[in-house]
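Engineer: My questions are about this predicted structure, shown below with the sequence.
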Amino acid sequence: MPEKKAFSWPRLLIGILLLTFVILNLVPSAYYLLEPGPPIKIADLIEVENSSREEDWGNFYLTSVSQKRASLWEVIQFFLIPFDSEKELSPVEEAIPPGISEEQYFELMGQLMQESQIEARAAALTRAGYEVVIESRGVEVVSVFDDSPTRENLKPGDIITRVDDREIEMPTEAVDVISEREIGEKVRLNILRNEELIEKEVETFEYQERPGQASLGIIITSAGLDYEMPPLNIEFEEKDIVGPSAGLMFALEIYNQITEYDLTGGRDIAGSGEIDHRGNISRVAGIDMKIISAERENIGYFVLPEDNRPDIDDGRELDLEIITSESLEKLIEKLDIVRSFRPLHSITGV
């Protein structure tokens, strides 16, 4: 008769611990883990026909915030190591706008990335003297937030063609116009609904993701976008980047490759910002983490929208120079200062 093996409590305990550890790593939490992403060299993403770029030129870098669904173990680690100030946890319900699924949100962010490439190309070509024409029917409402005061007046599928007296063609234009208003101010919208033009008066409010800035509490995308650009082939490499915040750095790299001098002056310049086809630069989120990303790689300069100036952490000394502007034209003028080797100390203004 075979001898029975003695029951081993240590083995059982080890098995339970291993199983628990595996479960904690595999089961997603209700949070996103945010941290600085690695800088991406824009010249590796964009290929311009007959580019003027030389080997000894400097580089523009896109910085971003890495966002992934945190496992239960990563949430536990976050609270066990609270001094890691370079990481943040964001509840899913705060990261994903209400009214759309996680899948729909990332699909929309991918579409906004494609639109940012079009707008960046248009802004750079226009600044370089080319003729560019962009047209659309307006901006389409994808979703209305549950707590938005516009919920009774706007519906998914509505196409906003005008805000007050301003004609709207691209999402960036709508965001710029609304953000200039006071929180609680009423605005007049011209809306195309089921091919019928109607007018609605709505009230702005403060959305939690954009504190201190007026919002309508809606998700929008372009409607019926059409454009004419010069026959200059500009190719974008597919990359795991979503959202419109890469637009500014795309525009700078394209402009640099279609002009005959190096705008960087041989330096490395990182940054982030939205841009429209007219060259207006708009505010983006996650600036502190994006600056940390550039500092890790010893990049000496960082460009960002003028509206983001108040978002910079004043509590620590930065290891790079900050350059802000609200337009591509003014930003290029400031980068010319960098190129000419004159001292540059936090150049700001418009």
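Structural biologist: Cool, the structure landed. Numbering: from 1, shown residues only.

Engineer: Contacts for stretch 86-95, please.
Structural biologist: Counting by C-beta atoms under 8 Å, 6 or more residues apart in numbering, the neighbours of stretch 86-95 from elsewhere in the structure are 30-36, 67, 69-70, 75, 78, 102, 208-209, 289, 292. C-beta coordinates here come from the backbone N, C-alpha and C atoms, glycine included.

Engineer: Let me fix that, I meant to ask about stretch 37-53.
Structural biologist: 59-66, 232-237, 239, 241, 249-250, 252-254, 256-260, 270, 293-294, 296-297, 299.

Engineer: Go through the contacts of stretch 86-95 and flag which are in strands.
Structural biologist: Counting by DSSP state E, the contacts of stretch 86-95 place 30, 31, 32, 33, 34, 35, 36, 67, 69, 70 in strands.

Engineer: now the most centrally placed residue in the chain, what's its secondary structure?
Structural biologist: For the chain, the residue sitting closest to the mean C-alpha position, by C-alpha atoms, centre = their mean, is residue 245 at 2.7 Å. Classification of residue 245 into helix, strand or coil gives coil, according to DSSP: H, G, I helix; E, B strand; the rest coil.

Engineer: Quick check: closest non-adjacent residue to it.
Structural biologist: By the measure of C-beta to C-beta, 6 or more residues apart in numbering, the closest residue to residue 245 outside its immediate chain neighbours is residue 284, 4.2 Å from it.

Engineer: Now for the one you found, how many residues are close by?
Structural biologist: Taking other C-beta atoms under 10 Å as the neighbour definition, residue 284 ends up with a count of 24.

Engineer: again, but for residue 194
Structural biologist: Residue 194: 8 surrounding residues under other C-beta under 10 Å.

Engineer: And for the one 10 residues further on?
Structural biologist: Here the count is done by other C-beta under 10 Å, and residue 204 has 22 residues near it.

Engineer: That one touches residue 183, doesn't it?
Structural biologist: Yes: in this structure residue 204 lies within contact range of residue 183 using C-beta atoms under 8 Å: 5.9 Å.

Engineer: Next, show the common contact partners of these two.
Structural biologist: Here residue 204 and residue 183 have residue 214 as joint contacts, going by C-beta under 8 Å, 6+ apart.

Engineer: residue boundaries of the helices in the stretch 101-250 of the chain?
Structural biologist: 102-127, 171-179, 247-258 (DSSP state H, counting those that start in this stretch).

Engineer: Please disregard the earlier target; I meant the stretch 251-350 of the chain.
Structural biologist: For the stretch 251-350 of the chain, helices defined by DSSP H, counting those that start in this stretch occupy the ranges 287-296, 328-339.

Engineer: Please indicate which of those helices has the most neighbours on average?
Structural biologist: helix 287-296 (a mean of 22; mean count of other C-beta atoms under 10 Å).

Engineer: can I get the CA coordinates of that helix in PDB?
Structural biologist: Once side chains and other backbone atoms are set aside, the C-alpha atoms of helix 287-296 remain, and they are given as PDB (Å, rounded to 0.1, in the frame of the first residue of the first chain):
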ATOM      1  CA  ILE A 287       1.700  69.100 -19.700                       C
ATOM      2  CA  ASP A 288       3.700  68.300 -16.500                       C
ATOM      3  CA  MET A 289       4.200  64.700 -17.500                       C
ATOM      4  CA  LYS A 290       5.100  65.700 -21.100                       C
ATOM      5  CA  ILE A 291       7.800  68.000 -19.700                       C
ATOM      6  CA  ILE A 292       9.200  65.300 -17.500                       C
ATOM      7  CA  SER A 293       9.300  63.000 -20.600                       C
ATOM      8  CA  ALA A 294      11.500  65.600 -22.400                       C
ATOM      9  CA  GLU A 295      13.700  66.200 -19.300                       C
ATOM     10  CA  ARG A 296      14.500  62.500 -19.000                       C
END
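
Engineer: if you average pLDDT over that helix, what comes out?
Structural biologist: For helix 287-296, mean pLDDT is 92.

Engineer: For the contacts of stretch 86-95, which PyMOL command selects only the ones that are buried?
Structural biologist: Those of those that meet the burial criterion (16 or more other C-beta atoms under 10 Å) are gathered into one PyMOL selection, given here:
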select buried, resi 31+32+33+34+36+67+70+75+78+289+292
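
Engineer: Give me the buried entries from the contacts of stretch 37-53.
Structural biologist: Using 16+ other C-beta under 10 Å as the threshold, 59-65, 234, 236, 241, 249-250, 252-254, 256-258, 270, 293-294, 299 are the buried ones among the contacts of stretch 37-53.

Engineer: what stretches of the stretch 251-350 of the chain score poorly on pLDDT?
Structural biologist: Residues of the stretch 251-350 of the chain meeting the criterion pLDDT under 70: 314-315, 341-350.

Engineer: Apply 90 and report the result again.
Structural biologist: Filtered on pLDDT under 90, the stretch 251-350 of the chain yields the residue ranges 260-261, 265-266, 277-278, 282-283, 285-286, 307-320, 336-350.

Engineer: swap in the stretch 51-200 of the chain?
Structural biologist: 51-56, 65-115, 132-138, 142-152, 156, 165-181, 183-184, 195.

Engineer: Check the offset of stretch 68-80 from the chain's centre.
Structural biologist: Mean C-alpha position of stretch 68-80 versus that of the full chain (C-alpha atoms, centre = their mean, to the nearest Å) differs by 24 Å.
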